[in-house]
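Asks: need coordinates for the following:
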Amino acid sequence: MDTLNHNKPMVLLSLRLLAFSFSLCIVSVLGQLQTFEHPTKGDGTLSFLVLGDWGRSGEYNQSEVAIQMGIVGENLDIDFVVSTGDNFYDSGLTGEHDPAFVNSFVNIYTAKSLQKQWYSVLGNHDYRGDVEAQLSPLLRKIDSRWLCLRSFVVNAEIADLFFVDTTPFVRNYFDEPEHGYDWTGVNPVATYTSIVLEDLESALKSSTAKWKIVVGHHAVRSVGHHGDTQELVEKLLPLLQAYSVDFYMNGHDHCLEQISDDKSPLQFLTSGAGSKAWRGDVKELNSEGLKFFYDGQGFMSVRLTQTDAETVFYDVFGEVLHKWTVSKQLHSSI
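Replies: Predicted coordinates for the structure are as follows:
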């Protein structure tokens, strides 16, 4: 798409360095986050939908959620869609030609309003398949809406969205004998995660956008089935607080929720209810700052202006479950 600003010199440099050594390749790819430009509407506003944990060939109410997304997307005249990961179940894609891409994405999100750019991160289930397949430009030839990278930035004028690859931060995944993970491009993991954090901090520091939004698959704070991700509490949360991030958006827990940070205006927003949900368990010990929790299927919308942000959670029938607004001047909510 002509709205995407690809950093071609950086890509060429990365390919040359690949011949030198694998570790140098990691530094070259991650040393500067690729940035994509996405303009706001003519009135300066920005609207988008947030969906996670969805790819099940339409099953578990995925198709029903998609229908409601199309209706809300049309009403809001959305600019794009954010996917918070676990894009294809149960084990990502087997390759670039895996029919799951068409069956779980192309043929499901068919509404006219959803024919906009989709910005996606990888989830832990995606890492169980061929990770490089989801990142491949070939998928964009099949459906130009698709854009999935490990970590990147979307500059949408009044908002900067920072997409972060969170799966390699979770230590348990490296010790799971029952599941195989594709760590291609990640090892050595300590180097990889360190550079991810350095790149994010650099991007946050240079951002002058009115709104700063960080997107990752795993929750920093959650009362859902998985709960808090301790590695992100330790390593990512301090950056979110230090650089005045407004929202951290994630999936992983198959629910919808909002939790307020106790040390900053930061809001933790979970939208991981794109298909299979109803886990039925809540971690009460994590409930400090909890504003909203729903265990069923649904999605979230976001509308931004220069001064106000409105987030709305919807269920599988399109009913509004929870609405929250904040003003940059007042930092108030309703």
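Asks: list the contacts of the one residue sitting closest to the centre of the chain.
Replies: For the chain, residue 84 is the residue whose C-alpha lies nearest the centre (CA atoms, centre = their mean; 3.0 Å). Residues near residue 84 by CB atoms under 8 Å, 6 or more residues apart in numbering: 50-53, 121, 123, 215-217, 249-252, 271-272. Where you see a C-beta, it was placed from the backbone N, CA and C, and this is true even at glycine.
Asks: then residue 262?
Replies: Neighbouring residues of residue 262 by CB under 8 Å, 6+ apart: 288, 289.
Asks: can you confirm it is in a helix?
Replies: No. The assignment for residue 262, made by DSSP: H, G, I helix; E, B strand; the rest coil, is coil rather than a helix.
Asks: can you give me the strands in the stretch 1-150 of the chain?
Replies: Secondary structure of the stretch 1-150 of the chain, counting by DSSP state E, counting those that start in this stretch: strands at 34-37, 46-51, 80-83, 117-120, 146-148.
Asks: got TSV for those strands, with mean pLDDT, distance to residue 264 and mean neighbour count too?
Replies: As requested, the strands of the stretch 1-150 of the chain are exported to TSV (pLDDT from 0 to 100; distance: least, CB to CB, whole Å; neighbours: other CB atoms under 10 Å):
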stretch	mean pLDDT	distance to residue 264	mean neighbour count
strand 34-37	96	25	18
strand 46-51	98	21	25
strand 80-83	98	22	24
strand 117-120	98	24	22
strand 146-148	98	29	22
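Asks: for residue 267, find the nearest of those strands.
Replies: Comparing those by their distance to residue 267 (CB to CB), the top pick is strand 46-51, with 12.5 Å.
Asks: what sits up against the closest one?
Replies: So strand 46-51 is contacted by 40-41, 65, 69, 72-73, 76-84, 114, 156-159, 249, 269, 271, 274, 299-304 (CB under 8 Å, 6+ apart).
Asks: and which of the contacts of residue 84 is nearest residue 137?
Replies: Nearest to residue 137 among the contacts of residue 84, counting by CB to CB, is residue 121 at 17.1 Å.
Asks: and for the closest one, the neighbour number?
Replies: 30 (other CB atoms under 10 Å).
Asks: next: residue 109.
Replies: If we define neighbours as other CB under 10 Å, then residue 109 has 26 of them.
Asks: residue 313: helix or strand, and which one exactly?
Replies: Assigned by DSSP states H and E, residue 313 belongs to strand 308-315.
Asks: strand partners (parallel or antiparallel) of the next helix or strand after that strand?
Replies: Using DSSP H and E, the next helix or strand after strand 308-315 towards the C-terminus is strand 320-327. Sheet pairing of strand 320-327 (DSSP bridges) gives strand 308-315 (antiparallel).
Asks: and residue 223, what does it touch?
Replies: Per CB under 8 Å, 6+ apart, neighbours of residue 223: 257, 259, 282, 283, 284, 286, 287, 290, 293.
Asks: quick one: contacts for the second one?
Replies: The one in question is residue 259. Residues in contact with residue 259 (CB under 8 Å, 6+ apart) are 221, 222, 223, 267, 268, 286, 288, 289, 290, 291.
Asks: against residue 205, how distant is residue 48?
Replies: Residue 48 sits 24 Å away from residue 205, taking CB to CB, to the nearest Å as the criterion.
Asks: then residue 328?
Replies: With distances taken as CB to CB, residue 328 is found 19 Å from residue 205.
Asks: these two: which is more packed in?
Replies: residue 328 (14 against 10).
Asks: okay, now residue 175: neighbour count?
Replies: Look at residue 175: counted by other CB under 10 Å, it has 6 neighbours.
Asks: next one: it from residue 181, what distance?
Replies: Applying CB to CB, the value for residue 175 to residue 181 is 11 Å.
Asks: okay, helices next: where are they in the stretch 151-300 of the chain?
Replies: 189-206, 230-235, 237-242 (DSSP state H, counting those that start in this stretch).
Asks: now those helices in a markdown table, with mean pLDDT?
Replies: Supplementary listing: these in a markdown table, determined by pLDDT from 0 to 100:
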| stretch | mean pLDDT |
| --- | --- |
| helix 189-206 | 97 |
| helix 230-235 | 98 |
| helix 237-242 | 98 |
